[in-house]
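J.: Just the structure for this:
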Amino acid sequence: MKWFWKKEKKTRRVNPAVFNRSYVAGETSRLYNWQTGTDRSADGEIKDRLKTIRKRSRELIQNEPLAKKYISLLNTQVLGRYGIRLQMKARNDDKTLDLAANNIIERLWSNWGRRGGPDYSGCDASGQYTFLDIQRQVLDAVVRDGEALIYMHEGRRNPHGFQLELLTADRLNIEKNEVLRSGNIIRMGIEQEKRTRRPLAYYLNMGENPVYESFEIQALGGTFERIPAERIIHVYYSERMEQSRGLPWMAPAMPTIKLLQTYLENEVVASSLAAAKVATITNNSGDDVAMDGTVDGYTPISNMEPGSIEQLPSGWEMNPLEFSHPTSQFQPMLETVIMQIASGLGVPYSDLSSNMTGASYSSLRQEALQSREYYRTLQQWFIDQFIDPIYQRWLSSVLTTPGSDTGAILRLPVEKFFKWSEGAHFFPRGFEGVDPLKDANAKKVALQNGFVSLQDVAADRGTDLESLMAQHQTAKSLAQQYGVKLAFEPFGSPHQSIEPEVD
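T.: Numbering: from 1, shown residues only. As a prediction, the model looks like this:
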């Protein structure tokens, strides 16, 4: 006889600690339902919001002091007074500097960057800007609009055969999105290779409508043309992979900036009312008695003057309105909000607000060091995205464009193009030390111990060692020419060896 026992079902016990180890940021409960997630691509999120964000960014820069200060701050700290300058470092086969060729290229580059005139057409196709002006325009456009477009003209009447035309980002047709028969894809006006997303062409509105001054509507603003990508430099900061268009840099901080603007307006109105000492008058007698004037036939109004004493009729009572503005919390609130805005913009609070109240030397120095590293990062990004590509196209043009005689504008061997290309170094503005004397002594000690080089010291000041040596040589030559004795020797006295001690 066989007995069959029913197997008991075992209940699986789960350790609650397993759930505690999961990511809280991924919780969807009531307490953590703070965000509506999206899995859209970068272009998908940009397409529906770019126009609105761009318009709001422009409005803030036009009317909001902090926004205007931000774009001015980047222009000053990234470009400075002289912009980003070229210094050639091309070398011969024996590793010595090719000084003759370097000087020729630098002189031609400087000449090309001049503003055009009646007898000379400079780097700008419109004849309005120097190359430094173009640098400022491009950087401002990227910060304000998110991107800048530069059309490169070749074979122009410019002696160098190369000019630039600045185009506003509104000309790029954001509504053009389609898949072509070739398999290529057009994303927000940019034709791209199917797999690699390499830009092939830009659909730009090259027409002009002087009545509407708009490039968005084809019927009003003109017709869109397909411009090959090799004629366009598209400058923008890509925050995500597979991003085709740029966003205004103030986008993360724009809501807070607008809230601050509204808060300040309300505080100003409230403070104005508090300064006016407004009061109400109540009639307890029931008589319709008016004093200096009436509104709507029943509201008495009295005009008060400084130092005056006025007697009210019997039954009338004055009730002063007391306002508490500005409150003691106004300044801390203002500083907190501006600090949050500065964090969203990526710049130091002291730079944006110009408020250094209560800041210590060490905190200011630490903040200055961090901000300068940020500005240096932007400088290198701007060189890679705009300055160097322009130089490469200019170099190709001057090496092949005929001059006044049979030779080219730049009379150097065209087969050595890569020598002149790789020998180009660009120097943006430098930054002085927070404490110049201490920083100078620190660099002196670092030089003596071999921790840094003279090239490093010169680069920190926004120049290069060759230019520094040339300036010293020029100063000595001028001193000898005019019979002036220099009271200093820049690099100290000659090194004297120390003999070892003998036991």
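J.: Let me see the ranges of the strands in the chain.
T.: Remark: strands assigned in the chain by DSSP state E are 85-88, 147-154, 162-167, 178-179, 185-187, 190-192, 199-205, 224-228, 232-236, 279-283, 293-295, 299-301, 316-320, 424-427.
J.: between these, which gets nearest to residue 134?
T.: strand 162-167 (6.1 Å; CB to CB). Heads up, the C-betas are built off the backbone N, CA and C, glycines and all.
J.: Could you list the buried residues of that closest one?
T.: Buried residues in strand 162-167, counted by 16 or more other CB atoms under 10 Å: 162, 163, 164, 166, 167.
J.: rewinding a little: can you put the strands of the chain in CSV and add distance to residue 400?
T.: Formatted as CSV, the strands of the chain follow (distance: least, CB to CB, whole Å):
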stretch, distance to residue 400
strand 85-88, 19
strand 147-154, 10
strand 162-167, 10
strand 178-179, 37
strand 185-187, 33
strand 190-192, 28
strand 199-205, 24
strand 224-228, 19
strand 232-236, 19
strand 279-283, 82
strand 293-295, 81
strand 299-301, 82
strand 316-320, 83
strand 424-427, 17
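J.: nearest to residue 394, of the ones you listed?
T.: Comparing the strands of the chain by CB to CB, strand 162-167 comes nearest, at 5.2 Å.
J.: elements contacting the closest one?
T.: helix 131-145, strand 147-154, helix 388-400 (3 or more CB pairs under 8 Å, 6 or more residues apart in numbering; DSSP states H and E).
J.: Turn these into TSV, including mean pLDDT and distance to residue 105.
T.: Formatted as TSV, those follow (pLDDT from 0 to 100; distance: least, CB to CB, whole Å):
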stretch	mean pLDDT	distance to residue 105
helix 131-145	94	15
strand 147-154	92	19
helix 388-400	91	8
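J.: Looking at those, which is nearest to residue 448?
T.: Per CB to CB, nearest to residue 448 of these: helix 388-400, 35.0 Å.
J.: before we move on, back to that, of all the strands of the chain, which lies closest to residue 371?
T.: Using CB to CB, the strands of the chain put strand 424-427 closest to residue 371, at 19.6 Å.
J.: Mind checking the pLDDT average for the closest one?
T.: Strand 424-427 shows a mean pLDDT of 90.
J.: one step back: can I get the helices and strands packed on strand 162-167 in CSV with distance to residue 62?
T.: Converted to CSV, the helices and strands packed on strand 162-167 look like this (distance: least, CB to CB, whole Å):
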stretch, distance to residue 62
helix 131-145, 10
strand 147-154, 18
helix 388-400, 29
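J.: Next, work out how far apart residue 187 and residue 239 are.
T.: 16 Å (CB to CB, to the nearest Å).
J.: Those two: which has the busier surroundings?
T.: In this view residue 187 and residue 239 are compared by other CB atoms under 10 Å, and residue 187 has more residues nearby, 22 against 12.
J.: correct me, but the more buried one touches residue 44?
T.: No: counting by CB atoms under 8 Å, residue 187 sits too far from residue 44 to count as a contact (9.7 Å).
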